[in-house]
Structures are given as C-alpha cells and as structure tokens.
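[1] Provide a 3D model corresponding to the input given below.
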Amino acid sequence: MKVLVTGGAGFIGSHVVDRLVEEGHQVIVVDNLATGKRKNVNRAASLYKTDITSGRLERVFRNERPNVVLHLAAQISVRNSVEDPVFDAQVNVLGTMNVLQQAVRYGCRKVVFSSSGGAIYGEQETFPAPESHGNNPLSPYGISKLCGEHYLSYFQQMGGIPVVSLRYANVYGPRQDPEGEAGVVAIFIQKMLNNEQPIINGNGRQTRDFVFVDDVAEANLAAMGQDAHGVYNVGTGTETSVNELFRMLAGLTGSPAKEVHGPAKLGEQLRSVIDPSKIKQELGWEVKVDLAEGLKQTVEFFQGKNGR
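    The predicted structure follows:
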C-alpha cells in the first residue's frame, strides 16, 4: 500500500515510517524539517520537503496518489501555542484542512489524524478518561487539535473519506528532542547525562500517562485497518508522577542529581491519564513496552547519542 506520512521526519512520525517500511508499504514523507530531521527518515521512504500549509502539497498528492494518509505534522508546543495562537491555528487547523482536502480530491481510502488526549480533555473528572469524557482544552494547542478532529468528521460526512483520530497520552522514547517543547523524559535524561540539575516544576506530584513511541507507531498501523473508525485513546491507563519519573531516570542514568523543585507551570494539569480500553477491544492494540523498559531504551539511545 502507498502511505503518505506528514511529519514523517519528526519524533513520532519517523517511528511510524520505520514500521510501515518493515511491513512492506511504500512510504512518502512530507515534512518541512522545521523540527523534524532528515537523518530520522528511513532510507526506503521518499521525502518531500514541503509544508502542510503550502499549495505545493497538492502536487505531492497529484504525483503520488497515496492510498492512506497518516497526518502527524503539527505545531506541538503548548507554550508556543499560547504565545502565538495564530501560527498554531495556521499549522494545526488550516494545515490539517489542506491535507484533508487533498486526500479527498485524490481519492485516498483513509486519513488517520494524530490528536492529543491530555490537551483535549483538560482537567479530568474521570480517571482514566475515556473517549466520551468532556472536552475542555486549556490551551490554543488543545483547541486546534479538537478543531482538527471536527474537520475530520466534516470531511468524512461530506467527502465520504473514512477517518480516525488517535488521542495520544504523553509520548516518549528515542529521537525525542530534549530542546524546545520536549517531553519531560527527554529533558530529564539529557540533563542527568550532562551532569546538570533537572528542575521539577511545582511539587512533582502531578501525574502523566507515559506511552512509548513504538506502541504509538503500532496504534497508527492498527488504525489503517478497515475496522478502525472514530476516536481512540492511545495510552497506558496508568498514572506516574513526575517525582516517580525523576527517581526512575536517576537510577537508570546513575545520576547523583537530587530532587529540586521550581515554581509550578501556570495552567499545568494536575492529573492526566487516558483509558485505552476501546482501542484494545476494537483493534486489538495493547501496550507492549512498559515504563521501566521504555525508559531503559530511551536512556540507552541518549547515551549512544552523547557518545557514552
């Protein structure tokens, strides 16, 4: 099958591309390389350096005629979305609409959209949150992802194209960039390996649902199947506090760093954990890599990158 992956040079997208290549698919990557890296892209995939908001995207679809689109390209920084909500909407709303329009125009069989559980649900009332949980995004990023989901539903109704939205928990793993709006896992590991002091925001008792990037890649492959439709949470259903995470990583890196707490981040969720029951029941997806093993693999990746 010919699969077009937007954001395929990025952290999650490049792992999705690797799995597609392993399964024998022909893979087309669209990435503007603003945050993605050319070296992340599997050599068996074709790369178009193109922005999803650009008119040139139409040419890619016209030339390649993909069967399925996995849409991962996005502005992913919550902080940047607060500082520049217009840019966030341009990429995450208008860019998504551009992808959907081309997918309908050129007869794609399915679009799978990378969304966000934590950012869309906001402060939770149910733990873990099912897909039916109320949506209360606390940032322009969460709003733009929810808006993307609504546009997917609209294009499905009007254009007849099957769509799936995958609401990710906190994804971590190899190739995550510790710079910029990185996940806490990558930031802590990099600082510990560089003998720098990581700072825990607030009291560290805030919890997150950490899901390994390989499991997220598998969810994308599962969502390509005929049985997949609608919205699915992609997480572990298990809460881990930032303090617990710090201690696990200190053990794995051999870091002598002590728990140092800084001011709490304004507007940060206290608890975030999503329920993956639906994707397990309907698509047979399940977590294969637990947190201890996933963190071990991630630390080993960073050690290799740092020449240790």
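[2] ok, residue 203 - contacts?
    Residues near residue 203 by C-beta atoms under 8 Å, 6 or more residues apart in numbering: 243, 261, 264. All C-beta spots, glycine's among them, are computed from the backbone N, C-alpha and C.
[3] For residue 131, give its distance to residue 147.
    17 Å (C-beta to C-beta, to the nearest Å).
[4] which residues of this protein fall in helices?
    11-22, 57-64, 78-83, 85-89, 96-105, 117-121, 140-159, 184-193, 213-223, 242-253, 277-283, 291-305 (DSSP state H).
[5] So which elements touch the fourth one?
    Just to be clear, that refers to helix 85-89. Applying 3 or more C-beta pairs under 8 Å, 6 or more residues apart in numbering; DSSP states H and E, one finds that helix 85-89 makes contact with helix 78-83, helix 140-159.
[6] With mean pLDDT as extra columns, can I get those helices in CSV?
    Formatted as CSV, the helices and strands packed on helix 85-89 follow (pLDDT from 0 to 100):
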stretch, mean pLDDT
helix 78-83, 91
helix 140-159, 97
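[7] now for the ones you listed, which one comes closest to residue 126?
    Among these, helix 140-159 comes nearest to residue 126, with 17.3 Å by C-beta to C-beta.
[8] Report the buried residues of that closest one.
    For helix 140-159, a neighbour-count test (16 or more other C-beta atoms under 10 Å) marks 140-149, 151-152, 155-156 as buried.
[9] closest to residue 188 among those residues?
    residue 141 (21.8 Å).
[10] Spit out the contact partners of the closest one.
    With contacts defined as C-beta under 8 Å, 6+ apart, the neighbours of residue 141 are 75, 76, 77, 78, 81, 82, 88, 92, 116, 119.
[11] Whichever of those end up buried, select them in PyMOL.
    Applied in PyMOL, the following selects the buried portion of those according to 16+ other C-beta under 10 Å:
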select buried, resi 75+76+77+78+81+88+92+116+119
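[12] which stretches of the protein have low pLDDT?
    Residue ranges of the chain with pLDDT under 70: 180-182, 308.
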